[in-house]
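# Need coordinates for the following:
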Amino acid sequence: MILKIKRVHTVVSNYQREETEGGCGRNCLQKCCIHGARLPLYACKKVNKFSDKECQVPFLDTILLGEWEDRMQKGLFRYDVTACETKIIPGKYGFIAQLNEGRHLKKRPTEFRVDKVLQPFDGNKFNFTKVGQEEMLFQFEASEEDEALFFPDIPIDIENSPSIVAINVSPIEYGHVLLIPRVLDCLPQMIDRESFFLAILMAAEAGNPYFRLGYNSLGAFATINHLHFQAYYLAVPLPIEKASTRKLAILKNAVSISCLLNYPVRGLVFEGGHTVEDLSNAVSDSCICLQDNNIPYNVLIADSGKRIFLLPQWYAEKQALGEVSGEHLDTQVNPAVWEISGHMVLKRRMDYEDASEENAWRLLAEVSLSKERFEEVKELIFGQDDEPDKAVAKGSHQSMVTENQECLSLFG
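Numbering: from 1, shown residues only. Modelled structure (predicted):
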C-alpha cells in the first residue's frame, strides 16, 4: 500500500494550546484511555547483515510520511516547520542553518536536573503516556518473518508494551518523528541494548541515507526523561558525515572504531561488524559506559544504520559553571545531536542572516570535550580489566581488542 502525500499548511489546534497534558478524557496512553485502543503495526525485517541494495518501496516514503502528513492536515503540530527558512552555509563543510523563531517558547520545558545522566522515571512529569493517541503513527517491532509486514489496524498490546512511532509536535524538519521503545514500561532516558538495536533496525528498514536517528542523553539536551529517539528526513549530507576520521581499533567482532578529525566536536565513529547486532552492541555498551560514569552524550545513527557517531559533550556543564561566552548564550541554541551533526536550528533572524561556517564552528567547539577529558572517555570505553565482569561494567566487554595498543593514543 502506497499512501498519497499532499502538503498542506499547518493550523495549530486548540488541543495543542491547552496547558495541561494527559489524564482521563484526553485519549492518552494511560490506563484511563488505552483499553481498546488500536494502531497500525509495522513489523520490520530483523536483518542480520546490512544490505547495499536500495528499498524497492521505501518504508519511510510511504507509511511514515503518509501518516505524518495526515497528522499535519489534522493540525497536531505546534507550528508549520515547512515554512521555516533553511539554507546551506557557504564553506567546506556545508553546515545547514534553519530559522525557527519561537521554537524554544513552544517546546515543552525541561523538568529534571541537567547534571545527572541517569535519573529515575517520574510519572508526575510529562512523559509519552500522556500524549494523545492521535499523535501516534504506528507500532514498530522486529518481524519474526523474513520480510517486513504491515497491519493497518490492530489492538495495542498492553501486556507486552509496544514500541511506538509518534510525531514530534515541535518538529525540527519535515517528517520529524519519535521512536519510543516499550512506551508503557516508562523507561527513563538511558540506552539499553534492546532499545538501541530497535533504533538500528528502524534505520536499516528505512533504507535511505537521508533518514537519520538521533539520541540525546540527559545533560546533553534531552528535554523529556522517557526513553526516545528522534528521526527525520533531510536530503543533504550532514557536515559530520563528511568529516575525516582515523581508525583507532577493530574489535574481535569486526566492528571498527574511529575518531573524528578536523571537526569542532571530538567523537567516535562505529562501523562494520560481523552482524548488525555486533555493531549495535558495541555502541550501546559504550553508551552504557558513559551513562554509568555520568558523562552526557549524543548519538547519530547515519547511513541506514551502518555508521554511528558517539559524541560525549559538556556544554550544559560549562553553562552551569559560567564558562560559555555570552555571545553563544544569547543565541539560545542548545547544541543537541542535530546541531552537533551540523544542522543548526537558530532562534533569531540576526543569527540566521549572519550564519557562517566560522560561527557554527566556534559554537560547536564549546560543546566538545577537551583533549584531556576525551582521553579519559577513551580510557573508559577501551580500558581492559583482568576480571571480565568488571570489564563489561566499564563498557569494554571481552570482545573489545585493538589492532595494537598504540592506536589508542591517536585521539585528537
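# Which residue ranges of the stretch 1-150 of the chain form helices?
14-17, 31-34, 59, 65-73, 103-106 (DSSP state H, counting those that start in this stretch).
# ok, of those helices, where does mean pLDDT dip lowest?
Comparing mean pLDDT across those, the weakest is helix 14-17, with a mean of 36.
# Enumerate every residue touching residue 313.
Residues in contact with residue 313 (Cβ atoms under 8 Å, 6 or more residues apart in numbering) are 220, 265, 296, 297, 298, 335, 340, 367, 368, 369. For the C-beta atoms, the positions are set from N, CA and C on the backbone; glycine is no exception.
# Give the burial count for the fifth one, as a bare number.
Around residue 298 sit 26 other residues, with neighbours defined as other Cβ atoms under 10 Å.
# From what I see, it and residue 311 are in contact.
Yes - in this structure, residue 298 is within contact of residue 311 by Cβ atoms under 8 Å, at 4.6 Å.
# Identify the contacts common to the two.
Counting by Cβ under 8 Å, 6+ apart, the common neighbours of residue 298 and residue 311 are 337, 340.
# Starting from residue 320, give me the distance back to residue 241.
Using Cβ to Cβ, to the nearest Å, residue 241 is found at 31 Å from residue 320.
# which of those two has more neighbours?
residue 241 (18 against 12).
# Can you read off the backbone torsions of residue 360?
phi -60, psi -40 (degrees, to the nearest 10).
# which residues in the stretch 251-400 of the chain form helices?
276-292, 315-320, 326-330, 337-341, 349-353, 357-367, 371-382, 388-393.
# Tell me which of the ones you listed lies nearest to residue 195.
helix 276-292 (8.1 Å; Cβ to Cβ).
# what residue is smack in the middle of the chain?
Computing the C-alpha centroid of the chain and ranking residues by Cα atoms, centre = their mean puts residue 214 first, at 1.8 Å.
# helix/strand/coil for it?
strand (DSSP: H, G, I helix; E, B strand; the rest coil).
# How much space separates the residue lying closest to residue 179 once chain neighbours are set aside from residue 363?
Sequence neighbours aside, residue 229 is the residue nearest to residue 179 in space, at 4.4 Å (criterion: Cβ to Cβ, 6 or more residues apart in numbering). With the distance defined as Cβ to Cβ, residue 229 ends up 24 Å from residue 363.
# Off-centre distance for stretch 141-160?
23 Å (Cα atoms, centre = their mean, to the nearest Å).
# Which residues does that stretch contact?
With Cβ under 8 Å, 6+ apart, stretch 141-160 has contacts from 1, 29, 34-46, 59, 63, 139, 162-163, 184, 198, 201, 205.
# Please point out which parts of it sit buried.
Buried residues in stretch 141-160, defined by neighbour count with 16 or more other Cβ atoms under 10 Å: 141, 142, 143, 148, 156.
# From residue 97, how far off is the first one?
With distances taken as Cβ to Cβ, residue 141 is found 37 Å from residue 97.
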